[in-house]
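Participant: When you get a sec, could you give me coordinates for this:
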Amino acid sequence: MATFVTAGKKTKAIIRKQGHRTICKTFIKKTDALVWARKVESEIERGLFEDTARAKTTRFKLVLDEYFQSCAQRQLKALQFIRSHSRTIAAHLGSNVIADINSELLVCYRDTRLQCVRPATIKHELGIILRALKFAVNEKGIYLPSLPKITFPQVRNARNRRVSDDEIEMLASHISNPEVNLLIKLALETGMRRGELLNIHWHDINWTAKTLMIPTTKNGEPREIPLTSRAMNELLMVSKQDIGALFSIKPDSLSQAFNRACKKLDISDLRFHDLRHEATTRLFELGLNVIEVSTITGHKDLTMLSRYTHLKAEKLGEKLVKLEKMKREYGNRSQEGF
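Facilitator: Residues are numbered from 1 along each chain as shown. Alright, predicted model coming up:
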């Protein structure tokens, strides 16, 4: 049975049931308290009562932190990726209790963020938000009537921006920072991501095998890539070679230096990440297949590589001519054999 405590003009209903936490609610009218208590007790008896109190008191930042720890324990791929996005989400939504994380709030969050970041970033952030809420329900036992529904922004990632040799020469002549210059050259020679480049250590380089080990990647799996002769020569020219990190420049500083140079040189619509795109496209132009390219670039979803292969018509034509020539030569040799 519920108990009722009257203080002044207010009545507090208190329900204690074995196997359930104590449930309390205060009312102005005692009749309202009685009606509420009977309803809750009936739902508890029939197994229909869902306690929303925890959802109304638990901050979303706590849920995000526990979700990340769960990902870490399961050794999920892209852990750094989740951590980075979780920090951004917490800065915007962390102070809200999870009961307030509804569709209306997420629409506002989406539209606000779209003003300063790309749709693909918003898509990743919304995915983490929804997975964290699902984690709260399934793993922490926090009741939510339903998970919020949100339309993800449409992602248009396909960029046809190629980098010309003239643009590379202009950048090399203009940029005085040797680290930035080396990073541009290595990005074009290896197709590595910005974060992967900045995380290179000297012990990652196998000078004999001419390979580079990338221990930390976006998808969470290390990979080893071949180093071209140009890449090897550029690395050998670096004066300081020890056991530490190869670069000291920060990610944002690198992007800012690159963008400033492009603006100064009137090079339009060029991002540092486009160097990876250019490198990947050049690998295809050299004749490597999708599996070979993905081994170097680290793309796990092979369909993603389709947007990197904006091959020039003349390059494809040259390859067709070579294939036709090889076919004729093979046919002639076969006839001679008979």
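Participant: where along this protein do the helices fall?
Facilitator: Ranges of helices within the chain are 30-45, 53-57, 60-73, 79-93, 103-113, 119-138, 165-174, 178-190, 194-198, 229-236, 251-264, 273-285, 290-297, 313-337, based on DSSP state H.
Participant: buried stuff in the first one?
Facilitator: Burial within helix 30-45, assessed by neighbour count using 16 or more other CB atoms under 10 Å, is assigned to 33, 36-37, 40-41, 44. No exception for glycine: its C-beta is placed from N, CA and C like everyone else's.
Participant: Show residues contacting that helix.
Facilitator: Here helix 30-45 makes contact (CB atoms under 8 Å, 6 or more residues apart in numbering) with 1-2, 4, 6, 11-13, 15, 17, 20, 23, 25-27, 49.
Participant: Now do the same contact list for the most centrally placed residue in the chain.
Facilitator: Taking CA atoms, centre = their mean, the centroid of the chain lies closest to residue 81, which sits 4.7 Å from it. In this structure, residue 81 makes contact with 124, 218, 220, judged by CB under 8 Å, 6+ apart.
Participant: I figured the last one hits residue 78, correct?
Facilitator: Meaning residue 220. Yes: here residue 220 reaches residue 78: they are 5.1 Å apart, a contact under CB atoms under 8 Å.
Participant: Return the residues in contact with residue 56.
Facilitator: Residue 56 neighbours (CB under 8 Å, 6+ apart): 97, 99.
Participant: Please tell me how far it sits from residue 103.
Facilitator: Distance of residue 56 to residue 103, computed by CB to CB, to the nearest Å: 18 Å.
Participant: For the closest residue to residue 265 other than its chain neighbours, give me the pLDDT.
Facilitator: Nearest non-adjacent residue to residue 265, counting by CB to CB, 6 or more residues apart in numbering: residue 170, 5.1 Å away. Residue 170 carries a pLDDT value of 95.
Participant: got it, and residue 49?
Facilitator: Looking at residue 49, its pLDDT reads 64.
Participant: For the remainder of this discussion, apply numbering that starts at 37.
Facilitator: Right, with 37 as the first residue, what we last looked at is residue 85.
Participant: domain ranges for the chain?
Facilitator: Listed domain ranges for the chain are 39-85, 93-174, 201-351 (source: automatic domain parsing).
Participant: I'd like these written out as CSV, with distance to residue 184 added.
Facilitator: As requested, these are exported to CSV (distance: least, CB to CB, whole Å):
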stretch, distance to residue 184
domain 39-85, 23
domain 93-174, 4
domain 201-351, 27
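Participant: Can you pull the poorly scored residue ranges out of this protein?
Facilitator: 54-57, 83-87, 111-113, 192-195, 275-279, 343-355, 366-374 (pLDDT under 70).
Participant: Can I get stretch 142-152 as CSV, trimmed to CA atoms?
Facilitator: Provided in CSV are the C-alpha atoms of stretch 142-152 (Å, rounded to 0.1, in the frame of the first residue of the first chain):
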residue,chain,number,x,y,z
LEU,A,142,18.3,16.4,-32.3
VAL,A,143,16.8,18.3,-35.2
CYS,A,144,18.0,21.6,-33.6
TYR,A,145,21.4,20.0,-33.0
ARG,A,146,21.7,18.7,-36.6
ASP,A,147,20.7,22.1,-38.2
THR,A,148,23.0,24.1,-35.9
ARG,A,149,26.0,21.8,-36.6
LEU,A,150,25.4,21.8,-40.3
GLN,A,151,26.3,25.5,-40.3
CYS,A,152,29.9,24.7,-39.3
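Participant: Pull the residues that contact that stretch.
Facilitator: With contact meaning CB under 8 Å, 6+ apart, stretch 142-152 is reached by 128-129, 157-158, 161-162, 165, 184, 186, 189.
Participant: right, and the pair among these with maximum separation?
Facilitator: Pairwise distances across the contacts of stretch 142-152 (CB to CB) peak at 19.1 Å, for the pair 157 and 184.
Participant: can you tell me which residues contact the closest residue to residue 221 other than its chain neighbours?
Facilitator: Nearest non-adjacent residue to residue 221, counting by CB to CB, 6+ apart: residue 270, 5.2 Å away. When contacts are counted by CB under 8 Å, 6+ apart, residue 270 touches 218, 221-222, 225.
Participant: go on, residue 324?
Facilitator: Listed by CB under 8 Å, 6+ apart, the contact partners of residue 324 are residue 332.
Participant: and the gap between it and residue 145?
Facilitator: Relative to residue 145, residue 324 is positioned 41 Å away (criterion: CB to CB).
Participant: do residue 130 as well
Facilitator: Taking CB to CB, one finds residue 130 at 12 Å from residue 145.
Participant: before we move on, what about residue 241?
Facilitator: As for residue 241, its distance to residue 145 is 43 Å (criterion: CB to CB).
Participant: Check residue 202 too.
Facilitator: For residue 202 relative to residue 145 (CB to CB), the value is 42 Å.
Participant: Could you do residue 332 as well?
Facilitator: Computed with CB to CB, the distance linking residue 332 and residue 145 is 37 Å.
Participant: same check, this time on residue 91
Facilitator: Relative to residue 145, and taking CB to CB, residue 91 is found at 18 Å.
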